[in-house]
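Asker: Give me a 3D structure for the following:
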Amino acid sequence: MKFKKPLAFIFLIIFVSVLYLTDKNFSKEVDSQLDSIDVSLTKNQISGEELNKKIEEKSDIIILDVRFEEEYLNGHIPAAKLLSMNLISKEKLFNLIPVEDELIIIYSYTDERSDKSTQKVKELGYTNIKILKGGYKSWTEKNLPIEK
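Answerer: Got it, this is the predicted structure:
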């Protein structure tokens, strides 16, 4: 009974070693897959500083706040339009954003609701979407401007 955990650990080490030795390019493949994941995640994000610059330059963007109304009323990014995640529909989205390829920046408090909302918006045909990296929490931590 005393040897079960050490034996399991030894078998795990042997198993991983065999996998590694059978494919000499194993770590290179894993690294390249991880690199491609990192690139795809960051490619669809925008930093708070970048977004603030776009706002200051009056760039042609739509900022979509997907938090709840109460959160929005307590403070939001300047020029942001409220469309809570649970209310996203083709009709409501079209009323706010009639052009499907216009740049949309989506944010929530952190990134969780932003990710889910981005999926919904993409499914409704919109293609040019970025997520505010770190969400509203990161925005306020950097002391970027807010409206109430």
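
Asker: where exactly do the helices run in this protein?
Answerer: Secondary structure of the chain, counting by DSSP state H: helices at 4-22, 26-43, 48-56, 69-73, 90-96, 112-123, 135-141.

Asker: where in the chain is pLDDT low?
Answerer: Applying pLDDT under 70 to the chain flags residues 1-9, 11-13, 15-43.

Asker: Let me see the domain layout of it.
Answerer: Following the assignment in automatic domain parsing, the chain carries domains at 4-42, 45-141.

Asker: Let's have those domains in a markdown table, adding mean neighbour count.
Answerer: Glycine gets a C-beta too; all of them are placed from N, C-alpha and C. What follows is the domains of the chain, written out as a markdown table (neighbours: other C-beta atoms under 10 Å):
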| stretch | mean neighbour count |
| --- | --- |
| domain 4-42 | 10 |
| domain 45-141 | 17 |
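
Asker: Any idea which of the ones you listed gets closest to residue 148?
Answerer: domain 45-141 (5.3 Å; C-beta to C-beta).

Asker: measure the closest one end to end?
Answerer: From the first residue to the last, domain 45-141 extends over 18 Å; the measure is C-alpha to C-alpha, to the nearest Å.

Asker: Could you do stretch 61-81 as well?
Answerer: The first and final residues of stretch 61-81 sit 11 Å from each other (C-alpha to C-alpha).

Asker: Now do that stretch: distance to the chain's middle.
Answerer: Between the centre of stretch 61-81 and the centre of its chain there are 16 Å (C-alpha atoms, centre = their mean, to the nearest Å).

Asker: go on, stretch 100-118?
Answerer: 7 Å.

Asker: Alpha carbons of it, as CSV, please.
Answerer: Backbone C-alpha positions of stretch 100-118 (Å, rounded to 0.1, in the frame of the first residue of the first chain) are rendered in CSV as follows:
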residue,chain,number,x,y,z
GLU,A,100,-21.2,44.3,-40.3
ASP,A,101,-17.5,45.0,-41.0
GLU,A,102,-17.2,48.1,-38.8
LEU,A,103,-14.5,47.8,-36.1
ILE,A,104,-16.2,46.8,-32.8
ILE,A,105,-14.4,46.9,-29.5
ILE,A,106,-16.2,44.7,-26.9
TYR,A,107,-15.6,44.9,-23.2
SER,A,108,-17.0,43.6,-19.9
TYR,A,109,-15.6,43.9,-16.4
THR,A,110,-12.9,41.3,-17.2
ASP,A,111,-12.6,39.2,-20.3
GLU,A,112,-15.1,36.4,-19.6
ARG,A,113,-18.3,38.0,-20.8
SER,A,114,-16.3,39.7,-23.6
ASP,A,115,-15.3,36.3,-25.0
LYS,A,116,-18.8,34.9,-24.9
SER,A,117,-20.3,38.1,-26.4
THR,A,118,-17.7,38.1,-29.2
